[in-house]
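Enquirer: next input, structure requested:
(one chain, ligands or ions: 1)
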Amino acid sequence: MTTPRPLIAGNWKMNGLAASLDEARAVAAALDAHPVGARVALCPPATLVERMAQVLAGTGVAIGGQDCRAEAGGAFTGDISAEMLAEAGASLVILGHSERRAGHGETDSDVAAKVAGALRAGLEPIVCVGETLEQRQAGQALAVVTGQLRGSLPAALADADFAVAYEPVWAIGSGLTPSLAEIEEVHVAARATLVELFGAAGARVPILYGGSVKPSNARDILAVKDVGGALVGGASLKAADFLGIINAA
Ligand SMILES: O=C(CO)COP(=O)(O)O
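Expert: Coordinates of the predicted model:
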């Protein structure tokens, strides 16, 4: 059984106006000049998905959304559906990011419904899980992560391409990261849960690490057992930094 290529995905969050597309262009040009083994994706704000897809058409960089609503359409002011993202040119979507879980009250079952919506539209979901600092300090990190996986991953994923991202909430944007041993402990537990839920297919699902990944720590983190890529926030906004991480994979 071959190991899937690592996935390095950039999450621009609510950053980026049209001028930022130059950074995406620079990433694609560098990868064109020096192809890499990793799969690469950029997830801009929804307003830039279509234009980024046009800018990056024909390059190896895939485009993702940062969230979608579960329904295909309807009276849901301000929301967008997976079908809309797909039509705009996205092939992936980040779901269940901690900033959505905390800031928008998304529960595991909300996330599972969104995952089903993404599959309906043919998008590859990247499903995020991760503990808060309080939960880690209380010794609950593994229970939180495996519980979120069980609640957020519908059975329909058994026949689909998807990825999981372990993002400890306290490591996001903080410059702090867990130790390599702590990352391995969570990824190994996440792998066991994926195998329990999806059998052999669960053994192949990429489990990304996210939270203060930068060029200087990417190589060590990406070498950890069961780390199958990275979900990168701040360091994905500048082409040079993002390329430093991509080249560490
Ligand atoms: O939340 C993240 C990616 O989804 C991580 O953000 P940072 O890389 O900025 O810590």
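Enquirer: can you mark which positions in the longest helix along the chain are buried?
Expert: Identified as the longest helix of the chain according to DSSP state H is helix 180-198. For helix 180-198, the neighbour count (16 or more other Cβ atoms under 10 Å) marks 183-187, 189-191, 193-194, 197-198 as buried. Heads up, the C-betas are built off the backbone N, CA and C, glycines and all.
Enquirer: which one among those gets closest to residue 83?
Expert: For the buried residues of helix 180-198, the residue nearest residue 83 by Cβ to Cβ is residue 198; the value is 25.0 Å.
Enquirer: that closest one against residue 205, yeah?
Expert: Yes - Residue 198 is within contact range of residue 205, at 7.2 Å (criterion: Cβ atoms under 8 Å).
Enquirer: hey, C-alpha coordinates of stretch 73-86 in CSV?
Expert: The C-alpha coordinates for stretch 73-86 follow below in CSV (Å, rounded to 0.1, in the frame of the first residue of the first chain):
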residue,chain,number,x,y,z
GLY,A,73,-28.9,26.4,-1.1
GLY,A,74,-31.8,28.3,0.4
ALA,A,75,-32.6,31.2,2.7
PHE,A,76,-29.3,31.4,4.6
THR,A,77,-28.2,35.0,4.5
GLY,A,78,-24.4,35.3,4.5
ASP,A,79,-23.6,31.6,4.0
ILE,A,80,-22.2,29.7,1.1
SER,A,81,-22.7,26.1,0.0
ALA,A,82,-20.2,23.5,-1.0
GLU,A,83,-21.7,23.6,-4.5
MET,A,84,-20.9,27.3,-4.7
LEU,A,85,-17.3,26.7,-3.7
ALA,A,86,-17.0,23.9,-6.2
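Enquirer: okay, buried residues for that stretch please.
Expert: So, applying 16+ other Cβ under 10 Å, buried residues of stretch 73-86: 80-86.
Enquirer: now swap in stretch 30-43 and tell me
Expert: 30-31, 36, 38-43.
Enquirer: got it, and stretch 98-115?
Expert: Under the neighbour-count criterion of 16+ other Cβ under 10 Å, stretch 98-115 has 98-101, 106, 108, 110-115 buried.
Enquirer: chain center to it: distance?
Expert: 14 Å (Cα atoms, centre = their mean, to the nearest Å).
Enquirer: next, the distance between the ends of it.
Expert: 15 Å (Cα to Cα, to the nearest Å).
Enquirer: mean confidence (pLDDT) on it, please.
Expert: For stretch 98-115, the mean pLDDT works out to 97.
Enquirer: can you give me the helices in this protein?
Expert: Using DSSP H, the helices of the chain run over residues 21-33, 46-55, 82-88, 98-103, 108-120, 133-137, 141-152, 180-198, 215-222, 239-246.
Enquirer: relative to helix 46-55, how tilted is the first one?
Expert: Helix 21-33 and helix 46-55 are oriented at 40 degrees to each other (axes from the mean of the first three to the mean of the last three Cα atoms, to 10 degrees).
Enquirer: closest residue of the protein to the ligand?
Expert: Closest residue of the chain to the ligand, Cβ to the nearest ligand atom: residue 233 (2.2 Å).
Enquirer: what does that residue show for phi and psi?
Expert: Per-residue torsions, residue 233: phi -90, psi -100 (degrees, to the nearest 10).
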